[in-house]
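> Whatever this is, show me its structure:
(chains A and B)
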Amino acid sequence: MDYFIKTIVSLLKEKTNLQEDEVEKLIEIPPDLKMGDYAFPCYSLAKTLKSPPNTIATELSRVLRTTDSIIEIKAIGPYVNFFVNKRIFTEMVLKKINEEHNCYGSGNRGSGKTVIIDYSSPNIAKHLGVHHLRSALIGNAIYNIYKTLGYKCIGINHLGDWGTQFGQLIVAYKKWGSENAHKSYTVTDLNNLYVKFHQETEKNPTLEDEAREWFKKLEAGNPEAKELWQRFKDVSLKEFQKIYDMLGIHFDAFVGESFYNTMVEDTVTRIKEKGLTRISEQALIVDLETYNMPPCLLRKKDDATLYATRDIAAAEYRKKTYNFAKMLYVVGSEQKLHFKQVFKVLELMGYDWANHCVHVDFGLMKFKDGKMSTRKGKVVLLEDLLIEAIERIKEIIEAKNPSLEHKENVAKEVGIGAVIFADLSTKRNKDVVFDWDEVLNFEGETGPYVQYTHARLCSILRKYGRPVTADIPFELLNEDEAIILIKNLWRFPSIILKAAELYEPSFISNYLIDVCSNLNRFYNAHRVLSDEEELTMARILLVDATRQVIKNGLHILGIHAPEQM
RNA sequence: GCGCCCGUAGCUCAGCUGGAUAGAGCGACGGUUUCCUAAACCGUAGGUCAGACGUUCAAGUCGUCUCGGGCGCACCA
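You can find the predicted model right below:
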């Protein structure tokens, strides 16, 4: 709990007969700085004391004594408002940030606990489109958020590397691709084979049977099938890795569905032994009607397992292997029902950790005129978007700062940062409409705005050229613009906690916009470097602290913070 | 048909889990540079918080219903 809130709570507790936590819950922050720093609404007291809230507020403000840290207590309407000692507050905040540097915002509540985060998870043999961005970026940010809080994180890329489509691919390859066997295949080639297969199937439906047969062979461990499968996978992974590298996204494991294939039998046996299954329409299902859900299918009528079966097996394996405290699936909201079913089956199997599994869902990305579709070719390739963003940033650098060093590198960091920030700046459950102009807008509430603010601060510090010291007259930082900024810097750790609790990286991006806006206002109103030695030192400390918070925040989102741009 | 999600300024979104006068950005219009990066800053215009009823001292926020949009609902992942 905040030191000042603690003081206020203890003051109030004495005079109100309320419990500590009751008082603390009621404390809020006034909408305007002039009204005070903290406020206590008297409505609930009004009820118990049977007297108007305004009267109680006035009464309380008269009875409560000020302290060193709470220097003024004033009733405004039904609120008792508290004013903190700005000098003490400023000193506390800036010294803390100065001491903790890169660790400001970190915590240890996760120490000894493991969190598994399942994100990105693309299908083999298909390109990464912009619609794959969300899972990867949200997952990566949540990974960083939990890591910041001291959790051990395991990022898993649950590749879509199993299923009948591999039978299709093998058939297509053998029929139309093998004459080019000498050439190095790309995902585009694989994708073309896939498309060709579907075209040809319309003329010749027996191809489907061939495909099923090949998949059966693959499942049975046929060497030729296995080798081709591995080759397709290698080609895809190579391309994926290139894009993950561009985006700065990290995984601890690439473990696809194929990996769990060997465990599925045992999983199904266990579910059967619990008496949860029955046969319906020749398929093996877990009936979930009593829970108002459609059944969970474990086996198709041809005996093959399904997505859900493999997910259950994967969950069991991960629990056994990592003993996680929490497992997060960063997957689109269209799969809500699927995960509800999977978690329910895990629960019915008797696993008490079933409720430690969370589906972190997010809204669809689509075009103005409808859904993105690989089949109709209605996709924007992720790589194209990133390259375009970098190109546009290059043009801007050329126009605004042509003498900049390491232009290429900065353009990359800013261009990619813009794309990441744009995707992480709205709450994840909202659908997003992909719009080139919007993603490639670099003014206002954008990634470049935050990075630019950071670069400006670095520039001041470079000019200053001396070490930053926290031994300054803190009372000099007394302008409204400074106080508002410092208050916001103070919120950073609690913002991270909230983002972790609700799996919401956008809290951090919105917070950063807020901090930058505060800073730019300050920057515009007051000069940092001046002839007044002490004032300069004081403002430099504030500049450095803000720089640090922005850097730490961007780092969590997976965005670089260039020192010049 | 049933279930879940969304609806706040022309557009894109915040709104600190029910509190004081609903805030930003983009776009529009007007302004700021002999001064630390103008990718910035300031100002003006723009709102029946989809609608109705209810709970409450207090509702954009909670509940019910209606309308509008999206997504799911048995052998794809």
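
> So residue A:557 is in contact with residue A:422, correct?
No: counting by CB atoms under 8 Å, residue A:557 does not reach residue A:422; the two are 11.1 Å apart. Yep, even glycine has a C-beta here, placed from its N, CA and C like the rest.

> Identify the residues contacting the helix or strand hosting residue A:462?
Using DSSP states H and E, residue A:462 maps to helix A:447-464. The set of residues external to helix A:447-464 that reach it, using CB atoms under 8 Å, 6 or more residues apart in numbering, is A:393, A:413-414, A:417-422, A:442-443, A:468, A:512-513, A:516, A:519-520, A:523, A:528-529, A:536, A:540, A:543-544, A:546-547, A:550-551, A:553-554, A:559-565.

> ok, and of those, which contact RNA strand B?
Among the contacts of helix A:447-464, the residues lying close to RNA strand B (CB under 7 Å from any atom of the strand) are A:393, A:414, A:442-443, A:513, A:516, A:520, A:523, A:528-529, A:563-565.

> could you dump those residues to a markdown table with pLDDT and neighbour count?
Compiled in a markdown table, these are given as follows (pLDDT from 0 to 100; neighbours: other CB atoms under 10 Å):
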| residue | pLDDT | neighbour count |
| --- | --- | --- |
| A:393 | 96 | 24 |
| A:414 | 97 | 27 |
| A:442 | 94 | 20 |
| A:443 | 94 | 9 |
| A:513 | 97 | 19 |
| A:516 | 98 | 26 |
| A:520 | 97 | 16 |
| A:523 | 97 | 20 |
| A:528 | 97 | 18 |
| A:529 | 97 | 14 |
| A:563 | 97 | 15 |
| A:564 | 97 | 14 |
| A:565 | 95 | 25 |
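
> Take those and keep only those in helices.
In helices, defined here by DSSP state H, the members of those are A:393, A:414, A:513, A:516, A:520, A:523.

> How much space separates residue A:173 from RNA strand B?
Taking CB to the nearest atom of the strand, to the nearest Å as the measure, residue A:173 falls 19 Å from RNA strand B.

> quick one: secondary structure of that residue?
helix (DSSP: H, G, I helix; E, B strand; the rest coil).

> circling back to that earlier point, could you identify the most distant pair in the ones next to RNA strand B among the contacts of helix A:447-464?
A:393 and A:529 (28.4 Å; CB to CB).

> residues from the stretch 201-350 of chain A in reach of RNA strand B?
So the stretch 201-350 of chain A meets RNA strand B at A:257, A:280-283, A:285, A:292, A:294-295, A:297, A:299-302, A:304, A:306-307, A:333-338 (CB under 7 Å from any atom of the strand).

> Can you select the buried ones from these in PyMOL?
The PyMOL command for the buried members of those (criterion: 16 or more other CB atoms under 10 Å) is given here:
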select buried, chain A and resi 257+283+285+295+297+299+306+333+335+338
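
> What's the per-residue pLDDT of the residue of the stretch 351-500 of chain A found nearest RNA strand B here?
Relative to RNA strand B, the nearest point of the stretch 351-500 of chain A is residue A:444 (2.2 Å; CB to the nearest atom of the strand). For residue A:444, the model assigns a pLDDT of 94.

> Look up how far residue A:51 lies from it.
Noted for residue A:444: a distance of 48 Å to residue A:51, by CB to CB, to the nearest Å.

> which ones are touching the closest residue to residue A:175 other than its chain neighbours?
Closest residue to residue A:175 apart from its sequence neighbours, by CB to CB, 6 or more residues apart in numbering: residue A:200 at 8.0 Å. Residue A:200 is in contact with A:172, A:175, A:207, counting by CB under 8 Å, 6+ apart.

> For residue A:200, give its distance to residue A:126.
From residue A:200 over to residue A:126 the distance is 18 Å, taken as CB to CB.

> Out of the helices and strands in chain A, which is least certain?
In chain A, the helix or strand scored least confidently by mean pLDDT, DSSP states H and E is strand A:370-371, which has a mean of 64.

> what does stretch A:48-61 rub up against?
For stretch A:48-61, contacts defined as CB under 8 Å, 6+ apart pick out A:12, A:15-16, A:40-43, A:45-46, A:73-80.

> Recalculate using a threshold of 6 Å.
With contacts defined as CB atoms under 6 Å, 6 or more residues apart in numbering, stretch A:48-61 is touched by A:42-43, A:45-46, A:73-75, A:77-80.

> what does stretch A:260-272 give?
Stretch A:260-272 has contacts (CB under 6 Å, 6+ apart) with A:277, A:298, A:305, A:309-310, A:312-314, A:317.

> Now compare the residues you listed and name the two farthest from each other.
A:277 and A:317 (20.0 Å).

> for stretch A:199-210, how far is the first residue from the last?
Using CA to CA, to the nearest Å, one end of stretch A:199-210 lies 15 Å from the other.

> one step back: show me the contacts of stretch A:48-61 that map onto strands.
Filtering the contacts of stretch A:48-61 for membership in strands, criterion DSSP state E, returns A:73-75, A:79-80.

> Can you pick out the most distant pair from the residues you listed?
Maximum distance among those (CB to CB): 10.9 Å, for A:73 and A:79.

> neighbours around the residue of the stretch 351-500 of chain A closest to RNA strand B, how many?
Residues lying near residue A:444 (other CB atoms under 10 Å) number 8.

> Need phi/psi at it.
Dihedral pair for residue A:444: phi 80, psi -140, per degrees, to the nearest 10.

> re the thing from before, make TSV from the ones next to RNA strand B among the contacts of helix A:447-464 and add distance to residue A:479 to it.
Output for those, formatted as TSV (distance: CB to CB, whole Å):
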residue	distance to residue A:479
A:393	34
A:414	31
A:442	29
A:443	26
A:513	21
A:516	17
A:520	14
A:523	12
A:528	12
A:529	16
A:563	26
A:564	27
A:565	27
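
> Of the ones in strands among the contacts of stretch A:48-61, which is the most crowded?
Using other CB under 10 Å as the neighbour criterion, residue A:80 leads the ones in strands among the contacts of stretch A:48-61 with 28 neighbours.

> got a pLDDT number for that residue?
The model reports residue A:80 with a pLDDT of 95.

> That one and residue A:38 touch, don't they?
No: here residue A:80 does not reach residue A:38: they are 9.2 Å apart, not a contact under CB atoms under 6 Å.

> if I look at residue A:328, how far off is residue A:427?
The spacing between residue A:328 and residue A:427, counted by CB to CB, is 17 Å.

> Show me which of the two is the more surrounded one.
Each of residue A:328 and residue A:427 has its neighbours counted (other CB under 10 Å); residue A:328 has more, 23 against 13.

> hang on, the more buried one is in a strand, isn't it?
Yes: Residue A:328 forms part of a strand when assessed by three-state DSSP.

> Quick check, it in contact with residue A:360.
Yes: counting by CB under 6 Å, residue A:328 does reach residue A:360; the two are 5.0 Å apart.

> Inside helices: which ones of the residues of the stretch 201-350 of chain A next to RNA strand B?
Among those, the residues falling in helices (DSSP H) are A:307, A:336-338.
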